[in-house]
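Engineer: what shape does this take:
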Amino acid sequence: MISGAGSHRSMGSSGSQTRLMQQRPPSGCQGSQTNLMQQRPPSGCSQRSTASGDPSVYLGPPEPPSARTGMMFSHSSPSLQPYTGAAEQVPVLKNVHMRRQAGPPEGIPKAVWSDGCAHLGQEDPWPNHSIPLWVFSGQDRPRPAYREEVRFTLRDETYINFAVRLRCGQGDHYNGGSVGIVHSPDRTEASAGSEGQLIMITDVIVQPNNTCVVTCIGDVNFRVKKAWMPRGLRGLQLAHVETEQLSGGLDKIVQTCATEPNMTVFARMLQAVPDVADSLQGGPFTVFVPTNEALANLGIHEDDLLQHPDLESLVRCHIVKGKITCEAMYSGRTLQAVDGTILQMTFARWPRGLPSVNEVPVEHLDVLCSNGVIHSVMGMLHPHPAHSRRRH
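Structural biologist: Numbering: from 1, shown residues only. Here you go, the predicted model:
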C-alpha cells in the first residue's frame, strides 16, 4: 500500500512537470518573447495599470521624480536660454572732468584723423573708421570742440592699461591714437546707431597714484555702424564708425601756410615773391616750411628778412616738385629743389624716427594740401652755392 501510494504521488508529480514543460515555449522562440515584452506596460505604470483593473491599458509616462535620481536629462528640469541683448555693466569712465587748455588750440598742426580724409572733399565718401570705444557714464561725456585740446584723468584700471598700450606705440599717432568716446548712462554697450565723437590722443602721463592724465584733441562726430568686444581688451569695444564729413576740402599750399599759426612768417615771405607764390597755385609740390620759431632764431628782424636781396633764392630752395609724403621717404633719399638745391632726408631712428633734411630737424610731416604736402622744419635751408663760388 505504501509503495503504491508513493508510486502514485511520483507519477502525479512527473505528470505535472510534463504539462509545465509542454506549456513552455521552445528555446528558439525569441520572437514570441519579444512580442510579449512589447505588450507589457512600462515598469513605472504597473501600479497604475493594476489599480485600473486592466493590466493591458497604458496610462503614459511616469510622474517626474521628486528628488535627485542621477538622470542626465529630464523634460521636467528647467533649461537655460541664451541672452542676446546688449551687454550690461561694461567698464565705464565716471566722474570725469574735462579741463580746457589755455593758449593755442594745438601745438602740432593737422594732427587729427579727419585730416587724412579731408582731401577727398564732398565728392568721394569718407572710409569707415575702425576705432576702440571709451564709454562714459554719469551726466555726460567730454565734448571738446573741433581741434580743441583738452585733458581728463582716467581712474579705471581697464582704460589705464589701454592708454598705456597706446602710449607704447599701438595707436595710429605718436604717443597715442584715435579713440571714440560715447555716453551710456546705464552702462550698456554701444550698439549700431550710437553717436559719439572722435578724439586724437597726443599724450598719456601715468601719475604716482595710479591714475592717468590723457591729453587729446577733439575731432569730428560719428555714428556706430557695428560694434563688438574682441578678446584681449578686457571688456572694451571696437567699432566701425561712419564719420561726419567736413564742409569744404583742403586749402592750397599758400593758403595753408597763411592759416597755420606756426607758418605765418613763411607765408609772408611767399607773398613778398609773387612769382613763386603764383607758381605754387599749380602743383603738386612738396614744401619744407620753416616754423616761426625757427625764423625768429636766425636773429634777423622780420622786416629785414622780407627785404633780403636773396629772398627768392631762400624761398625756392624749400620747394620740391611732386607730392612726397612720409611713406615715400627713407633715410638717404635725395630730393632736388626747384632751384637745383640737393636735399637729403635722414632718419636717425628706424624706421622713420627723428627725421631731418640737410641736417635740419623736421618738426611735423605730412601737412596735406589740395596741391601738395607741407613738412614743417625747425630751421632755414640754404640754397646751393653758385657755380663760380667754392664752399668753404
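Engineer: now the helices: where do they sit in the chain?
Structural biologist: 2-23, 30-39, 46-52, 157-165, 253-259, 264-271, 274-279, 292-296, 302-306, 311-316 (DSSP state H).
Engineer: mind checking the pLDDT average for the third one?
Structural biologist: Helix 46-52 shows an average pLDDT of 46 in the prediction.
Engineer: ok, the fifth one next?
Structural biologist: On average, the pLDDT along helix 253-259 is 90.
Engineer: check contacts around the residue minimising distance to the centre of the chain.
Structural biologist: Note on the chain: the residue nearest the mean C-alpha position is residue 131, at 2.9 Å, using CA atoms, centre = their mean. By CB atoms under 8 Å, 6 or more residues apart in numbering, residue 131 lies in contact with 178, 179, 180, 198, 238, 239, 241. The C-beta positions use only the backbone N, C-alpha and C, and glycine is treated the same way.
Engineer: separation between it and residue 201?
Structural biologist: Separation of residue 131 from residue 201 (CB to CB, to the nearest Å): 11 Å.
Engineer: coming back round to it: the contacts of residue 131: which two are farthest apart?
Structural biologist: 198 and 238 (14.0 Å; CB to CB).
Engineer: the two: which has the busier surroundings?
Structural biologist: residue 198 (24 against 15; other CB atoms under 10 Å).
Engineer: and the more buried one, what are its bridge partners?
Structural biologist: residue 180 (DSSP bridges).
Engineer: residue 367 pairs with what?
Structural biologist: Residues in a beta bridge with residue 367, per DSSP bridges, are residue 374.
Engineer: what about it, neighbour count?
Structural biologist: By the criterion of other CB under 10 Å, residue 367 has 23 neighbours.
Engineer: with residue 130 instead?
Structural biologist: A count of nearby residues for residue 130, using other CB under 10 Å, gives 12.
Engineer: over to residue 356?
Structural biologist: Using other CB under 10 Å, the number of residues around residue 356 comes to 17.
Engineer: gap between the closest residue to it other than its chain neighbours and residue 382?
Structural biologist: Of all residues not flanking residue 356 in the chain, residue 346 sits nearest, at 5.0 Å (CB to CB, 6 or more residues apart in numbering). Residue 346 is 16 Å from residue 382, where distance means CB to CB.
Engineer: which one of the two is surrounded by more residues?
Structural biologist: Under the neighbour definition other CB under 10 Å, residue 346 and residue 382 were set side by side, and residue 346 has more, 18 against 12.
Engineer: who are the neighbours in contact with the residue lying closest to residue 150 once chain neighbours are set aside?
Structural biologist: Spatial nearest neighbour of residue 150, chain neighbours left out: residue 144 (4.5 Å); criterion: CB to CB, 6+ apart. Residues in contact with residue 144 (CB under 8 Å, 6+ apart) are 98, 100, 150, 197, 199, 216, 217, 218.
Engineer: what do you get for residue 164?
Structural biologist: Applying CB under 8 Å, 6+ apart, we find residue 164 in contact with 204, 206, 212.
Engineer: out of those residues, who has the most neighbours?
Structural biologist: Within these, neighbour counts (other CB under 10 Å) peak at residue 204, which reaches 23 neighbours.
Engineer: mind checking how far the closest residue to that residue other than its chain neighbours is from residue 156?
Structural biologist: Nearest non-adjacent residue to residue 204, counting by CB to CB, 6+ apart: residue 167, 4.0 Å away. Distance, residue 167 to residue 156, using CB to CB: 16 Å.
Engineer: pretty sure residue 371 contacts residue 284?
Structural biologist: Yes. Counting by CB atoms under 8 Å, residue 371 touches residue 284, with 5.5 Å between them.
Engineer: these two - which one has more neighbours?
Structural biologist: More crowded of residue 371 and residue 284, by other CB under 10 Å: residue 371, with 18 against 15.
Engineer: which pLDDT value belongs to the more buried one?
Structural biologist: Residue 371 is assigned a predicted lDDT (pLDDT) of 84.
Engineer: one more: residue 43?
Structural biologist: 48.
Engineer: then residue 385?
Structural biologist: 60.
Engineer: can you check the one 3 residues further on too?
Structural biologist: Note on residue 388: pLDDT of 42.
Engineer: which stretches in the protein count as strands?
Structural biologist: For the chain, applying DSSP state E gives strands covering 99-100, 129-136, 149-154, 177-183, 195-206, 212-228, 237-243, 285-290, 319-321, 334-336, 342-349, 353-357, 360-369, 372-377.
Engineer: can you list these in a markdown table and add distance to residue 272?
Structural biologist: Formatted as a markdown table, the strands of the chain follow (distance: least, CB to CB, whole Å):
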| stretch | distance to residue 272 |
| --- | --- |
| strand 99-100 | 37 |
| strand 129-136 | 41 |
| strand 149-154 | 32 |
| strand 177-183 | 39 |
| strand 195-206 | 34 |
| strand 212-228 | 33 |
| strand 237-243 | 39 |
| strand 285-290 | 15 |
| strand 319-321 | 15 |
| strand 334-336 | 24 |
| strand 342-349 | 22 |
| strand 353-357 | 23 |
| strand 360-369 | 20 |
| strand 372-377 | 18 |
